[in-house]
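A.B. asks: Can you look at this prediction? I've put the sequence above it.
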Amino acid sequence: MQEKLTTVQEAISLVDDGNVVALQSMATQAAPMALVRELIRQQKRELGLVVLVGGMAVDWLAATGVINRLIGAAVSMEQFGLCQQYRQSVEQGLIRVEELSESLLNARLGAGARSLPFLPSRGAIGSDLIAQNPENLVMLDDPFGGSPVVACRALVPDVTLIHAHRADRFGNIQYQPTAMWPDISIMPKAARKLIVSTEKIVDSEVLREHPEKTILPGFIVDAVVEIPFGAHPTSFFPNYGYDSRFHLEWAAASRDTVAAGKLIDRYVLQPEDQTQYLKAVGGDDTINRIRDWEESR
Amino acid sequence: MTQDWRRSPLAADYTVDELMVVTLADYFQNDDQACNGMASFIPAAAFMLARMTHAPGLVWIASSVGLDPRPERIPASTLEAPLWKDSIMYLDQYTGFWDLVLDGRWITKFCVGAAQIDQFGNANNSVIGADYHSPKVRLPGTAGLADMCSIGKDLYYWVPDHSRRSLVEKVDYISGAGFLEGGTARDQLGLGGGPQVVISNLAVMDFHPQSKRMRLKSVHPGVTPGQVQTATGFELIMATDAPPETRPPTCEQVRLLREVIDPASMRKHGIR
């Protein structure tokens, strides 16, 4: 088997300017934030971002001018409010939004994964999403005589970024058989390249003890990187909760571009690796706090 | 499950968020399945209350992830893991959840929260302003709302801030289809289900069976029909000069909400 283990720098160098990048994410959950920070450190430009529900990652990428378009169903940090840097960028016309409902995004990615021109859905019929987006969504008569459907054009991201619980050096990826919720079912299979950060690299023999937990085969993975707490400040069930204090700090600063820039500098640009990053965000105190799910209860 | 909720007297001491929760809870029965999305404290409280009182068999998929959970109480997020504590099954969103929802047989009711709702029950959570590509306000986005509104679900709206900003004549953008232009417009597209009621912090509204325009169903105790109309951005249909009052919660319902379900008062989020 081919070795896929690499550094975060090498992994993210697989992303080219202008790429469409799909990102595992929910409002405050399970985003590969260390990979996102590396996109910013390498000063990627004109990326299109695909998210089901984006959170702080979208705000950081908007604040640093990395993305100029977004394909997704929602962007919000839930109880921490709207993503203000993203919001300002959209309102100024700097980021173009292709809004899809969840079933339409799933259909576009599902078609992409299976080399189909499109997949149909019945979601969103009657909404403005369809008329807004004639390039990718077309009403279609059911060839078998039923009511019309929406044809959702295949979406093939250039790269998908996800975070997983553990993997081996050949890129076989295991996810806890718990909440397989964020976008690990289809985003990784739809994309041309797949980059995975993982809490832990283990020996293949360890994966063999639980083959039922393996969700992605190494041959579709282009790079795997070991990054403990790689989803911080988002939660990564069951390992750790979201960092409430960090979200509050960002939410307070993010309305102001200068204040947001200072936080990006402190947490994204200055730390040279994950060890330094974890130190910058509060070290063991923070780790113990999020491991305990203390603030999420 | 508490036994004495049926015989409990009507409460004198309650708040409007509690009134909204019990009103919404009444629409969810034993044979139903319910799910919730983000920042959905009123629906989550309503499902928990229904399960503790009149509908112990109501199936709840918390956060659209955790089947039949037993959360300690409503936490700060209605998406995160503490809400789906002790679930009997986890659903992944791509197949586990959406395969069940898109099949018309299950999860036939859905609670809708949105920044704007119009007189025909169309919902907007996308943009405020006429220019979609440089809007006055970029809202979070439709998430699963556009799907839920078009696949035959009965829709129950909750509005914590009944005002001319939230209840508008015409939404700036349809992120979730209600009755569209009213009348038979929704039927013509072959969409089943649709808007049932709107529960706000002032009143309960439903929709006229023919015109599909919103009409006043009941006013909350202490609120006049005139106050509701003044706070609404379009003309409400008034079925009668003296609409009934919304039934207040019982003492036991209030106790369950305050002491068991939501001691942190997350249900007050966004209430005006």
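C.D. replies: Yep, it's here.
A.B. asks: from here on, contacts and neighbour counts on C-alpha atoms
C.D. replies: OK.
A.B. asks: Now do the end-to-end distance for stretch B:255-271.
C.D. replies: Terminal residues of stretch B:255-271 lie 20 Å apart, using CA to CA, to the nearest Å.
A.B. asks: mean confidence for that stretch?
C.D. replies: For stretch B:255-271, the mean per-residue pLDDT is 96.
A.B. asks: try stretch A:192-202
C.D. replies: On average, stretch A:192-202 scores 98.
A.B. asks: Now do the buried residues in that stretch.
C.D. replies: For stretch A:192-202, burial by neighbour count (16 or more other CA atoms under 10 Å in any protein chain shown) applies to A:192-201.
A.B. asks: and which of those residues is nearest to B:Trp84?
C.D. replies: Closest to B:Trp84 out of the buried residues of stretch A:192-202 is A:Glu199 (22.9 Å), distances taken as CA to CA.
A.B. asks: nearest spatial neighbour of the closest one, skipping sequence neighbours?
C.D. replies: Nearest residue to A:Glu199, sequence neighbours excluded (CA to CA, 6 or more residues apart in numbering or on different chains): A:Pro228, at 4.3 Å.
A.B. asks: Now do the helices in the chain.
C.D. replies: No chain was given, so I picked chain A. Along chain A, counting by DSSP state H, helices occupy A:8-12, A:33-41, A:56-63, A:84-91, A:102-113, A:128-132, A:187-190, A:204-208, A:244-253, A:257-264, A:274-280, A:283-291.
A.B. asks: ah, I was thinking of chain B
C.D. replies: Under DSSP H, chain B gives helices at B:16-25, B:41-52, B:98-102, B:145-148, B:185-188, B:225-230, B:251-255.
A.B. asks: hey, which of those helices is tucked in deepest?
C.D. replies: helix B:145-148 (a mean of 29; mean count of other CA atoms under 10 Å in any protein chain shown).
A.B. asks: check whether that helix contacts chain A.
C.D. replies: Yes - using CA under 8 Å from any CA of the partner chain, helix B:145-148 reaches chain A at B:145-148.
A.B. asks: about what we covered before: what would the helices of chain A look like in JSON lines with distance to chain B?
C.D. replies: Output for the helices of chain A, formatted as JSON lines (distance: least, CA to the nearest CA, whole Å):
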{"stretch": "helix A:8-12", "distance to chain B": "26"}
{"stretch": "helix A:33-41", "distance to chain B": "17"}
{"stretch": "helix A:56-63", "distance to chain B": "12"}
{"stretch": "helix A:84-91", "distance to chain B": "5"}
{"stretch": "helix A:102-113", "distance to chain B": "5"}
{"stretch": "helix A:128-132", "distance to chain B": "5"}
{"stretch": "helix A:187-190", "distance to chain B": "10"}
{"stretch": "helix A:204-208", "distance to chain B": "22"}
{"stretch": "helix A:244-253", "distance to chain B": "10"}
{"stretch": "helix A:257-264", "distance to chain B": "17"}
{"stretch": "helix A:274-280", "distance to chain B": "22"}
{"stretch": "helix A:283-291", "distance to chain B": "13"}
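A.B. asks: can you list the weak-confidence ranges in chain A?
C.D. replies: Per-residue confidence for chain A (pLDDT under 70) gives these ranges: A:177-182, A:294-297.
A.B. asks: What about A:Asn288, how many residues nearby?
C.D. replies: A:Asn288 has 12 neighbours, counted by other CA atoms under 10 Å in any protein chain shown.
A.B. asks: Tell me who's in contact with it.
C.D. replies: Applying CA atoms under 8 Å, 6 or more residues apart in numbering or on different chains to A:Asn288 gives no contacts.
A.B. asks: any idea how far A:Ser235 is from it?
C.D. replies: On the measure of CA to CA, A:Asn288 and A:Ser235 end up 13 Å apart.
A.B. asks: and the gap between B:Thr95 and A:Ala253?
C.D. replies: Distance, B:Thr95 to A:Ala253, by CA to CA: 38 Å.
A.B. asks: who's more crowded, those two?
C.D. replies: Neighbours per residue (other CA under 10 Å) separate B:Thr95 from A:Ala253, with A:Ala253 holding more: 18 against 14.
A.B. asks: Do a quick rundown of the strands in the stretch 1-150 of chain B.
C.D. replies: For the stretch 1-150 of chain B, the strands defined by DSSP state E, counting those that start in this stretch occupy B:33-35, B:59-62, B:66-67, B:89-90, B:109-112, B:116-118, B:123-124, B:127-128, B:137-138.
A.B. asks: now for those strands, which one comes closest to B:Ser175?
C.D. replies: Closest among the strands of the stretch 1-150 of chain B, once you apply CA to CA, is strand B:123-124, at 4.9 Å.
A.B. asks: ok so, going back, CSV for the helices of chain A, including distance to B:Asp131?
C.D. replies: As requested, those are arranged in CSV below (distance: least, CA to CA, whole Å):
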stretch, distance to B:Asp131
helix A:8-12, 35
helix A:33-41, 30
helix A:56-63, 20
helix A:84-91, 9
helix A:102-113, 23
helix A:128-132, 11
helix A:187-190, 30
helix A:204-208, 51
helix A:244-253, 26
helix A:257-264, 24
helix A:274-280, 40
helix A:283-291, 41
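A.B. asks: out of those helices, nearest to B:Leu216?
C.D. replies: Closest among those, using CA to CA: helix A:128-132, at 27.3 Å.
A.B. asks: Just the C-alphas of that closest one, formatted as CSV.
C.D. replies: Extracted C-alpha coordinates of helix A:128-132, given in CSV (Å, rounded to 0.1, in the frame of the first residue of the first chain):
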residue,chain,number,x,y,z
ASP,A,128,-36.3,31.0,-5.1
LEU,A,129,-33.2,28.7,-4.9
ILE,A,130,-34.0,27.1,-8.2
ALA,A,131,-34.8,30.1,-10.3
GLN,A,132,-31.7,31.8,-8.8
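A.B. asks: Can you give the distance of that helix from its chain's centre?
C.D. replies: Mean-position distance between helix A:128-132 and its chain equals 25 Å (CA atoms, centre = their mean, to the nearest Å).
A.B. asks: before we move on, back to that, can you pick out the most distant pair from the buried residues of stretch A:192-202?
C.D. replies: Farthest apart among the buried residues of stretch A:192-202 by CA to CA are A:Arg192 and A:Lys200. That separation is 24.3 Å.
A.B. asks: Any regions of chain B where pLDDT drops low?
C.D. replies: Where chain B drops to pLDDT under 70, the residues are B:1-3.
A.B. asks: sorry, back to before: now render the buried residues of stretch A:192-202 as CSV, adding distance to B:Tyr132.
C.D. replies: Below are these laid out as CSV (distance: CA to CA, whole Å):
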residue, distance to B:Tyr132
A:Arg192, 30
A:Lys193, 32
A:Leu194, 32
A:Ile195, 33
A:Val196, 34
A:Ser197, 35
A:Thr198, 38
A:Glu199, 40
A:Lys200, 43
A:Ile201, 45
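A.B. asks: Which ones among those lie within strands?
C.D. replies: A:193-201 (DSSP state E).
A.B. asks: Return the closest of those residues with respect to A:Thr7.
C.D. replies: When those are compared for distance to A:Thr7 (CA to CA), A:Ser197 wins out at 9.8 Å.
A.B. asks: OK, contacts around the nearest residue to A:Gly123 once chain neighbours are set aside?
C.D. replies: By the measure of CA to CA, 6+ apart, the closest residue to A:Gly123 outside its immediate chain neighbours is B:Asp147, 4.0 Å from it. Applying CA under 8 Å, 6+ apart, we find B:Asp147 in contact with A:101-103, A:122-125, B:176.
A.B. asks: Tabulate the residues you listed (a markdown table), appending neighbour count and distance to B:Val254.
C.D. replies: Converted to a markdown table, the contacts of B:Asp147 look like this (neighbours: other CA atoms under 10 Å in any protein chain shown; distance: CA to CA, whole Å):
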| residue | neighbour count | distance to B:Val254 |
| --- | --- | --- |
| A:Ser101 | 27 | 36 |
| A:Glu102 | 27 | 36 |
| A:Ser103 | 28 | 37 |
| A:Arg122 | 20 | 40 |
| A:Gly123 | 26 | 37 |
| A:Ala124 | 29 | 37 |
| A:Ile125 | 25 | 40 |
| B:Gly176 | 33 | 32 |
